[in-house]
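In: Structure, please.
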Amino acid sequence: MRGRAIIYSAAEMDWLERHRTLSIQDCFRGFRERFGRRDVSAVHLHALRKRKGWKTGRTGRFEKGSVAHNKGVKCAPGRGGRHPNARKTQFRKGNRPHNTKHAGHERVSKDGYVEISVEQRNPHTGFERRYVLKHLWLWEKANGPVPEGLCLKCLDGNRLNTDPTNWEPIPRATLPYLNGRYGLAYDSAHPEVKPALIALAKVKHAARRAGRAAD
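Out: Numbers count the residues shown, from 1 in each chain. Predicted structure coming up:
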């Protein structure tokens, strides 16, 4: 039949259209029993459905609320997930991967700050632990929450030094004066000059606020 058109009678076409919702195998068997066509295969009927645009009503997806045919059915011993080879690689109850990051694990962010894993629920993922900035976490444990409008500035310029005494709360608006934008490159300055730079940044910030209030 390769290269030759298959001709269907009007009765056959009517039967095929009325039974288009059957699976292709059931449709094929029923068609052969009804009309005795040995020159027609299941592939031919499937192609005919496509050409005619007959919809079967099936999407090929699990519908909401559907139950799997094998729900609750266990594999036979020695088969599937109960095969000895499969058992060797299965996680045991309570097992943790070798690369699990437990509470207290530290890492360095791309900005150079130390982050530590603490036992606080992650608000984004719901996981039992999350990473926080270690210097902020230690400072707040020693001094309480950072006041609103303030942030912690590293005094010695070494962000890996998370000792609370190395971090000072300053107005967030003073940071532009200390990052080199206005000539006060704090992190690269000599240690003896750094306290004066912070004081100068605070004075400039206060003067700016006073000027705005006067306007």
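
In: make it CA atoms for all contacts and neighbour counts henceforth
Out: Fine.

In: so where does residue 107 fall, helix or strand?
Out: Here residue 107, judged by DSSP states H and E, is contained in strand 106-108.

In: Which neighbouring elements make contact with that strand?
Out: In terms of contacts (3 or more C-alpha pairs under 8 Å, 6 or more residues apart in numbering; DSSP states H and E), strand 106-108 is packed against strand 114-118.

In: still on that earlier bit, what does the strand holding residue 107 rub up against?
Out: 114-117 (C-alpha atoms under 8 Å, 6 or more residues apart in numbering).

In: Among the residues you listed, which one lies nearest to residue 205?
Out: Nearest to residue 205 out of these is residue 114 (C-alpha to C-alpha; 28.5 Å).

In: tally of neighbours for the residue lying closest to that closest one once chain neighbours are set aside?
Out: Nearest residue to residue 114 in three dimensions, chain neighbours excluded: residue 108, at 4.5 Å (C-alpha to C-alpha, 6 or more residues apart in numbering). Using other C-alpha atoms under 10 Å, residue 108 has 14 neighbouring residues.

In: mind listing the helices in this protein by residue range?
Out: 10-18, 24-35, 42-52, 84-88, 134-143, 175-178, 194-214 (DSSP state H).

In: Go through those helices and pick out the most buried.
Out: Greatest average neighbour count among the helices of the chain goes to helix 175-178 (a mean of 18), per mean count of other C-alpha atoms under 10 Å.

In: send the alpha carbons of that helix over as CSV?
Out: What follows is helix 175-178, C-alpha atoms only, in CSV (Å, rounded to 0.1, in the frame of the first residue of the first chain):
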residue,chain,number,x,y,z
LEU,A,175,28.2,55.7,52.9
PRO,A,176,28.6,57.7,49.6
TYR,A,177,31.1,60.0,51.4
LEU,A,178,33.2,57.0,52.4
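
In: Now it: average pLDDT?
Out: Mean pLDDT, helix 175-178: 86.

In: Give me the distance from that helix to the chain's centre.
Out: 35 Å (C-alpha atoms, centre = their mean, to the nearest Å).

In: which helices and strands sit right next to that helix?
Out: When contacts are defined as 3+ C-alpha pairs under 8 Å, 6+ apart, helix 175-178 packs onto helix 194-214.

In: what sits up against the helix it packs on?
Out: If you take C-alpha under 8 Å, 6+ apart as the criterion, helix 194-214 is touched by 155, 171, 173-174, 177-178, 184, 186.

In: any idea of the pLDDT on the residue lying closest to residue 77 once chain neighbours are set aside?
Out: In this structure, residue 77 finds its nearest non-sequential neighbour in residue 83, 7.0 Å apart by C-alpha to C-alpha, 6+ apart. At residue 83, the model reports a pLDDT of 91.

In: Kindly report the same for residue 60.
Out: 80.

In: Now for it, how many residues are close by?
Out: Residues lying near residue 60 (other C-alpha under 10 Å) number 6.

In: How much space separates it from residue 18?
Out: To residue 18, residue 60 is 20 Å away according to C-alpha to C-alpha, to the nearest Å.

In: And residue 88, by the same measure?
Out: Residue 88 is 52 Å from residue 18, where distance means C-alpha to C-alpha.

In: What is the nearest of the contacts of strand 106-108 to residue 43?
Out: Relative to residue 43, and with distances defined as C-alpha to C-alpha, the nearest of the contacts of strand 106-108 is residue 117, at 59.0 Å.
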